[in-house]
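# Pasted the sequence and its predicted model underneath.
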Amino acid sequence: MLSGRSASRPTGVQAVSRLALVRTHSTVTPLVRASSMARREGGAPVDGVGRARVLPRSPLLGGSRTVGSSRRLDMPYSEPLQIGKIPPLPAVNVGEAGNELLRAYEAVVHSTDLQSPLRRDLFRTNADPNGIFATNEFRMDQMKVIGVDYDYTICHYSEDMPATIYSLALDRLIDVMRYPSICRSLPYDPDFSVRGVVFDSRHGLLTKMNSLNHISVNATYRGRRRLSAREVQEIYNGKHVSTPYAKQHMRPMTDLFSKAEACLVTNILELMNEKGIAYEPVSVSEDCRKVISMVHKSGLLHETIMADLPRYLEKSPQLVDLLERFRSQGKKLFLLTNSPFRFVDAGLKYLLGKQWREHFDIIIVNSRKPSFYSGNMPFRVLDTNTLRNRWDAVTSLQRGKVYTNGNLSDLMRLTGWSASQVLYLGDHLFADLAEPTRMKGWTTGAIIRELKDEITVQNGPEYQILAGNMLLVEQVLRLIQNLGESIDPVLLDALEAHRKQFRIGMGILLNPYFGSVFRTEGSTSMFAFSVRRYADVYTSQLENFADVPARLYSEFSELPHEPRPNLELLSRHITSLATSPPSGP
């Protein structure tokens, strides 16, 4: 029984009255997340290479699942979690005001009513999945030159792409690197990895890090087995890894092509662990990296894509309109990509039409980013008929021609562009965006395809209930410590456990293994930190720039697309509850 608090929990009517809620509670419903990548119209769920697979039962209902084999694949958390079913707080007396505050808090977190005044005040208007978000003040009206990358920027690939990379790399791991043929049975799991994970080659672990180099104790995997928090802390002697260690042993996987590599290396390690095969994690990691590189550099992936463009490339009717709008506004357009001309030509003919080159003032392929930005390799003109470089010196960059190699300094010198008027858009934070920002002061924009999916989930009622609860418990923790009472640590531990449970639920809704791309437990992920550092704006797809305002202003408290509390209104609501007598029956 609660000491100093009512022995019974407020009824639904009493809770509504005390919180000035005007609508009845909705039925308590479990969170259910279907795979965002598994379904195709009119058919059963399939994986990226056409094999039928079972959709996961929501991890919030507990347990693990089987994908493609009898092997058990651990979800991040096995504890059941349902909206409105939160463990009660301990019987701790924190004074009259504090007790009333805690009763009101428990009434809210056990409710699923999204329409209460308190819940409405926890959130601003839902973020737009197609919105453009600024990390620095952005002036689109001052951008006179717009450059784009090819892969995952102007060209978006279907979910078959990472599955095909995985399949081709797995074949080479067996045929070239002589891994056992049993590895062919290891399926690609599109739901496993997210962009921004890191692989620790010393310990053979796939994990996430936050911006302070703290390892996620809740999302660290050896093979496909999730380690416990205690195991993680024993390996790293806590949660922090030094910058020298991270640079030497931990390789970030920061683009969408990396999903295939993350799945490949963890599947191989899982098989070796399961079969009791001794291995050196560095060697396995290097072998997987090599075969992924083979698939890209050999041209095999390009040939596979060009042989079936409708399967791999997603057409967008708005793309041509966007490029024409830019040109009608007097903006110069350039294409800067590491991909070879034959591959780009095939893709853009499919996406933009046979005359795609007319949309661009300058076309640069085989650019070797990021060395393009700091190197001094001269530009060369490409003969698009023979696909051979010409020998004559390039003294100007002309519309209608295609160039290879080159460097940033010559690009700016030959065009006469002002760096402050250049906007470059790409998907890779380090290869595309970091150097032009640091070296020339270009304005940069990150295309983050998974952003749309995350915002769509965040705008849903299940996520908003959990996010609202998490924001509420954090404010309660701050208010409790200011009540002037001697606070029993048991109560704080219980509230912190609630907060952890809410965060777990939010993360699982986004990805059942690693959570949000932008969050590592309660902190900004290393990937999100890099977005803020290297991108002035970010959005889910290039086409969103059709509706970009002339000016965008940054919001510094959180990443702009994430739900956050209205602290003034929230404090007013909760303080009034703590200081006013309860109303109602």
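That came through, no problem. Small disclaimer: the values here were computed from a predicted structure and weren't measured. Numbering: from 1, shown residues only.
# Run through the helices of the stretch 51-200 of the chain in chain order.
In the stretch 51-200 of the chain, the helices defined using DSSP state H, counting those that start in this stretch lie at 95-109, 117-122, 160-175.
# least reliable of those helices going by mean pLDDT?
If you rank these by mean pLDDT, helix 117-122 sits at the bottom with a mean of 64.
# how long is stretch 383-402 from one end to the other?
Stretch 383-402 has an end-to-end distance of 8 Å (criterion: C-alpha to C-alpha, to the nearest Å).
# Mind checking the helices of the stretch 51-200 of the chain for the one nearest to residue 538?
Put simply, out of those the one that sits nearest residue 538 is helix 160-175, at 21.0 Å, with distance taken as C-beta to C-beta. The C-beta positions use only the backbone N, C-alpha and C, and glycine is treated the same way.
# Please identify the buried residues of that closest one?
Neighbour counts over helix 160-175 (16 or more other C-beta atoms under 10 Å) mark 160-170, 172-174 as buried.
# Now render the helices of the stretch 51-200 of the chain as TSV, adding distance to residue 384.
Supplementary listing: the helices of the stretch 51-200 of the chain in TSV, determined by distance: least, C-beta to C-beta, whole Å:
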stretch	distance to residue 384
helix 95-109	63
helix 117-122	56
helix 160-175	26
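# and of the ones you listed, who's closest to residue 390?
Distance to residue 390, taken as C-beta to C-beta, is lowest for helix 160-175 among these, at 33.0 Å.
# elements contacting the closest one?
helix 258-275, helix 281-297, helix 300-306, helix 309-312 (3 or more C-beta pairs under 8 Å, 6 or more residues apart in numbering; DSSP states H and E).
# How far away from the center of its chain is the last one?
Taking C-alpha atoms, centre = their mean, to the nearest Å, one finds helix 309-312 lying 24 Å from the centre of the chain it belongs to.
# could I get it in PDB with only the CA atoms?
Listed next in PDB are the C-alpha coordinates belonging to helix 309-312 (Å, rounded to 0.1, in the frame of the first residue of the first chain):
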ATOM      1  CA  LEU A 309      16.100  -1.500 -64.200                       C
ATOM      2  CA  PRO A 310      12.400  -1.700 -63.300                       C
ATOM      3  CA  ARG A 311      13.200  -4.100 -60.500                       C
ATOM      4  CA  TYR A 312      15.900  -2.000 -58.900                       C
END
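# average pLDDT for it?
Average pLDDT, helix 309-312: 97.
# Repeat that for stretch 288-301.
Over the span of stretch 288-301, the pLDDT mean works out to 94.
# got the buried residues for it?
Buried positions in stretch 288-301, judged by neighbour count with 16+ other C-beta under 10 Å: 288, 289, 291, 292, 294, 295, 296, 300, 301.
# May I see those arranged in TSV, with distance to residue 146 as well?
TSV is the format used below for the buried residues of stretch 288-301 (distance: C-beta to C-beta, whole Å):
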residue	distance to residue 146
288	36
289	33
291	36
292	31
294	34
295	31
296	27
300	32
301	28
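# For residue 497, state which of those residues is nearest.
Using C-beta to C-beta, residue 288 is the member of the buried residues of stretch 288-301 that lies nearest residue 497, at 37.9 Å.
# what about the protein, any weak spots by pLDDT?
Counting by pLDDT under 70, the low-confidence segments of the chain come to 1-85, 114-125, 484-485, 556-560, 562-585.
# tell me the centre residue of it?
Compute the mean C-alpha point of the chain, and by C-alpha atoms, centre = their mean the closest residue is residue 517, 2.6 Å away.
# Cool, thanks, signing off.
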